[in-house]
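**Student:** the sequence and its predicted three-dimensional model are supplied below.
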Amino acid sequence: PAASARVPRRTLPGRLADAPHGTFLDRRIDALSGDDRGIVARGEYFYEPVIEEASGSRIKFDGRWFLNFASYSYLGLIGHPYIDDQALRAVEQHGTGAHGVRLLAGTLHLHRELELALARFLGAEDAIVFSSGYMANVATVGALVGPGDTVIGDVYNHASILDGYRLSGAKVVTYAHNDLADLERALRKAGDGGRLVVTDAVFSMDGDVADLPGILELCERYDAPLMVDEAHSLGVLGDTGRGITEHFGIDPDRVHVKMGTLSKTVPSAGGYVAGSRDLIFALKNNARGWMFSAAATPAQVAAAKAAVEVMAAAPSLTRELRARTTRYRDQLHALGFDTLASETPVVPLICSSADQAVEMARLCQLDGLFVQPIVYPAVPRTLPRLRTIVNLSHTDADLDAAVVTLEKAGRACGLIR
Ligand code: PMP
């Protein structure tokens, strides 16, 4: 696309107070969104582009097509004909809604088939499917620990895990990112009650991998079960996409609580926990986000089950993704970009300031590449970045085109020389 094309701009949504006045709600809204409104007014608000059309690696918003480097569909399975077909069949058979919560009238044979397919794929006895990944974390952490217990987690753990801490009422001890010495300090500091250690497998802002062998060794030494969030590692890590235990050659049974989402590699929506039959039964009777929220819809569940079948039948997809990602990351390194310790398709380009990250995103979008700037508070103030994400819908030509755009933008704003 021509460089003269207009920069996508957002407009202010609805009525917002110009100055603090009126009711508590007016003042509250102003306090909550004042800074963001300033960003919108300057035409620098990059969030929530409204996608009009999508096709393979391309999306259209603001009337323009972009190469999409911000998608979590790691294996490029969105639009896969078998998965689409299974979702359509489920709608034909069961309609569009579930009949309520799973415990009462919401469980279809499709839910149980998906749970058993996930369990089989992950080497677990059983699984429980939630209506979102967020809910899976909040409800599971909230159920497994309580007041008097200690939950111990990496400081970079996902927000949904942090919200689970709060719901649980347990004492929370965090440890420095992927730092085993600090994890050991946290384990020592935990009180006499139960302990649960929780970590992301792949950290979604850095694209690095948790040190599972070291974490497990400490968990076992200190008698603390481990919960791992595989939102960004299912289909991504391991020789056949089974995630972090496969990546390190570790028996999956050693991770007691295997959580993941159905919204990234699996092109649907929902979350799951896989583990022992006893764990799953206990969650079904104690995880509030499962007990008190409607079941995932037939189409969602059928699509997810079909995606698990595709992953099981085509293990080479994960290897192909890794090969393409490595080539892409190597090209960025050769240009002088800093990608932190990324080992996965999440490839951050560290910038020297938040303004530079926003400018990088703006220049890339002008050039037809859709990428998002990520700044504080989503990441530390000292590490603003442009986050790029590789997926299997990208052809080699797409990856090369992205590198060319990133190089041009990086030189224009002084990120690389
Ligand atoms: N865990 C991690 C690590 C995530 O990145 C996300 C979503 N970005 C979630 C959990 C929540 O999953 P979902 O979006 O499917 O609700």
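**Tutor:** That came in fine, so what should we check first?

**Student:** how about stretch 167-174: buried residues?
**Tutor:** 167-168, 170-171, 173-174 (16 or more other C-beta atoms under 10 Å). For the C-beta atoms, the positions are set from N, CA and C on the backbone; glycine is no exception.

**Student:** same question for stretch 59-68.
**Tutor:** The neighbour-count check on stretch 59-68 (16+ other C-beta under 10 Å) flags 59-62, 65-68 as buried.

**Student:** is it possible to get TSV of these that adds secondary structure, distance to residue 260 and pLDDT?
**Tutor:** Shown next, in TSV, are the buried residues of stretch 59-68 (DSSP: H, G, I helix; E, B strand; the rest coil; distance: C-beta to C-beta, whole Å; pLDDT from 0 to 100):
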residue	secondary structure	distance to residue 260	pLDDT
59	strand	25	97
60	strand	30	97
61	strand	29	94
62	coil	33	91
65	strand	32	98
66	strand	28	98
67	strand	27	98
68	strand	23	98
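
**Student:** now narrow the buried residues of stretch 167-174 to whatever sits close to the ligand.
**Tutor:** Filtering the buried residues of stretch 167-174 for proximity to the ligand by C-beta under 6 Å from any ligand atom leaves nothing.

**Student:** quote the end-to-end distance of stretch 242-260.
**Tutor:** Using C-alpha to C-alpha, to the nearest Å, the end-to-end distance of stretch 242-260 comes to 11 Å.

**Student:** got it, and stretch 286-299?
**Tutor:** OK, stretch 286-299 end separation, C-alpha to C-alpha: 26 Å.

**Student:** off-centre distance for that stretch?
**Tutor:** Centroid separation for stretch 286-299 versus its chain: 20 Å, with C-alpha atoms, centre = their mean, to the nearest Å.

**Student:** what sits against residue 395?
**Tutor:** The contact partners of residue 395, taken as C-beta atoms under 8 Å, 6 or more residues apart in numbering, are residue 57.

**Student:** give me the distance between it and the ligand.
**Tutor:** 26 Å (C-beta to the nearest ligand atom, to the nearest Å).

**Student:** burial count for the closest residue to the ligand within the chain?
**Tutor:** The minimum distance from the chain to the ligand, using C-beta to the nearest ligand atom, falls at residue 133 (2.3 Å). Neighbours of residue 133 under the rule other C-beta atoms under 10 Å: 24.

**Student:** go on, residue 300?
**Tutor:** Around residue 300 there are 25 other residues, counting by other C-beta under 10 Å.

**Student:** mind telling me what element it is part of?
**Tutor:** helix 298-313 (DSSP states H and E).

**Student:** buried stuff in that helix?
**Tutor:** For helix 298-313, the neighbour count (16+ other C-beta under 10 Å) marks 298-308, 310-311 as buried.

**Student:** with respect to residue 39, which of those is nearest?
**Tutor:** Ranked by distance to residue 39 (C-beta to C-beta), the buried residues of helix 298-313 are led by residue 300 at 33.5 Å.

**Student:** nearest residue to the closest one in space, please, no chain neighbours.
**Tutor:** residue 268 (4.8 Å; C-beta to C-beta, 6 or more residues apart in numbering).

**Student:** who in the stretch 251-400 of the chain is up against the ligand?
**Tutor:** For the stretch 251-400 of the chain, the contact set with the ligand under C-beta under 6 Å from any ligand atom comprises 261, 263, 271.

**Student:** TSV please, covering these and showing pLDDT.
**Tutor:** Output for these, formatted as TSV (pLDDT from 0 to 100):
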residue	pLDDT
261	98
263	98
271	98
